[in-house]
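[1] coordinates only, sequence not included:
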């Protein structure tokens, strides 16, 4: 084995472990933090508002983190600092009481946690690019451990009181921070060549702006699912293991897509994946609006491969291609900020609608998803990439 291959394997292994740890945190936090908030005395509308507020913090937290990573500290130190701040925040939430204190600490923790995906993807994409390695096989380990976290948390959901779920989240955050310290340093970005042409700011690139908005809308259409699916299934009589299995089924479908993404034919480029994700999401949300059970619910969960997986892979590939050298964290940050704005609006809408019409609120998410797909289609047809 050559030194280059050993370096590539070591980087990929450590990045995979970090995706695994961070997705254990995500797999516990995403389905069960809303339930913990409910146990703390918040109703559905308030839960939606809290989740929306934490998401909109991306407007401040993500540019802060990505600017620090690109211009001052580097990606690895920034990831470690924000991971430990997240662990401290979730631990503190388990030690306090009172609605305003919980809201304030949730916001502070979200400030540290919301840049995680942008920083992690920027770090991984840059490291893999220098080693000529693929993103999908590294990222899929995050999805695998997300499933394990779903099942583990589902088992815990049946065994412990809901107000103690915060300690599962805290333990996962602490483990993630510890694993972050094992990430390999990245080499410095090469200095610009005197012959390089000035790079147009990304926000003046209409293709970039449009695809970021399209992908953000599709991702944000998951608001009812992320915020209220566990509550819906619990009310329908599903036990914790069954709820964990339903979440896991969607991620298994996502893993299959990630595993074979590098083998997709050239026709499935970034924009095509975003469009496919939007259409798949719209179909999924229309189906879930009818509050199905049995095999229809299982089939709809498999559409997570499209609603999340395809739109995510397409957006990541597009943003990485569009980003100038040395500015990939900033580009990923822009994507995350737009997601924060759109997801906050979607979550506010989701909380308000769910309080009134319950699972039928998925229909509004279908409209959001198909709008994202339509924007990507317009870009594909009307804004071809210019060479040079």
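    Sure thing, it's come through. Remember, it's a predicted structure, so these values are computed and weren't measured experimentally.

[2] only C-alpha atoms for contact and neighbour calcs from this point on.
    Noted.

[3] residue 305: what's its closest spatial neighbour, skipping adjacent residues?
    Residue nearest to residue 305 in three dimensions, not counting chain neighbours: residue 254, with 4.0 Å by CA to CA, 6 or more residues apart in numbering.

[4] is it true that the one you found touches residue 304?
    Yes: at 6.2 Å, residue 254 counts as touching residue 304 under the criterion of CA atoms under 8 Å.

[5] out of those two, which sits in the busier spot?
    Between residue 254 and residue 304, counting by other CA atoms under 10 Å, residue 304 is the more crowded of the two (26 against 23).

[6] so who does the more buried one touch?
    With contact set as CA atoms under 8 Å, 6 or more residues apart in numbering, residue 304 has these partners: 250-251, 253-254, 280-281.

[7] what helix or strand is residue 336 located in?
    When elements are assigned from DSSP states H and E, residue 336 belongs to helix 328-357.

[8] what's that helix packed up against?
    Counting contacts by 3 or more CA pairs under 8 Å, 6 or more residues apart in numbering; DSSP states H and E, helix 328-357 is packed against helix 44-56, helix 58-68, helix 116-131, helix 206-220, helix 223-235, helix 311-322.

[9] any buried residues in that helix, and which?
    Applying a neighbour-count criterion of 16 or more other CA atoms under 10 Å, one finds 328-354 buried in helix 328-357.

[10] check stretch 143-161 too.
    Neighbour counts over stretch 143-161 (16+ other CA under 10 Å) mark 143-157 as buried.

[11] so what touches it?
    Identification of contacts with stretch 143-161 by CA under 8 Å, 6+ apart yields 20-21, 23-28, 165, 168, 239-245, 247-249, 251-252, 254-255.

[12] residue 134 contacts residue 262, correct?
    Yes: in this structure, residue 134 is within contact of residue 262 by CA under 8 Å, at 7.5 Å.

[13] what about the stretch 51-200 of the chain, any weak spots by pLDDT?
    Low-confidence segments of the stretch 51-200 of the chain (pLDDT under 70): 132, 188-200.

[14] give me every residue that touches residue 259.
    136-137, 140.

[15] before we move on, what about residue 291?
    Residue 291 is in contact with 359-360, counting by CA under 8 Å, 6+ apart.

[16] give me the distance between residue 222 and residue 170.
    24 Å (CA to CA, to the nearest Å).

[17] which stretches in the stretch 51-200 of the chain count as helices?
    Along the stretch 51-200 of the chain, counting by DSSP state H, counting those that start in this stretch, helices occupy 58-68, 75-93, 99-113, 116-131, 136-159, 165-180.

[18] residues touching the residue nearest to residue 305, list them.
    143, 302, 304-306, 308-309.

[19] sorry, back to before: state the mean pLDDT of whatever helix or strand comes next after the helix holding residue 336.
    As assigned by DSSP H and E, the chain's next helix or strand after helix 328-357 is helix 362-382. Computed over helix 362-382, the mean pLDDT rounds to 94.
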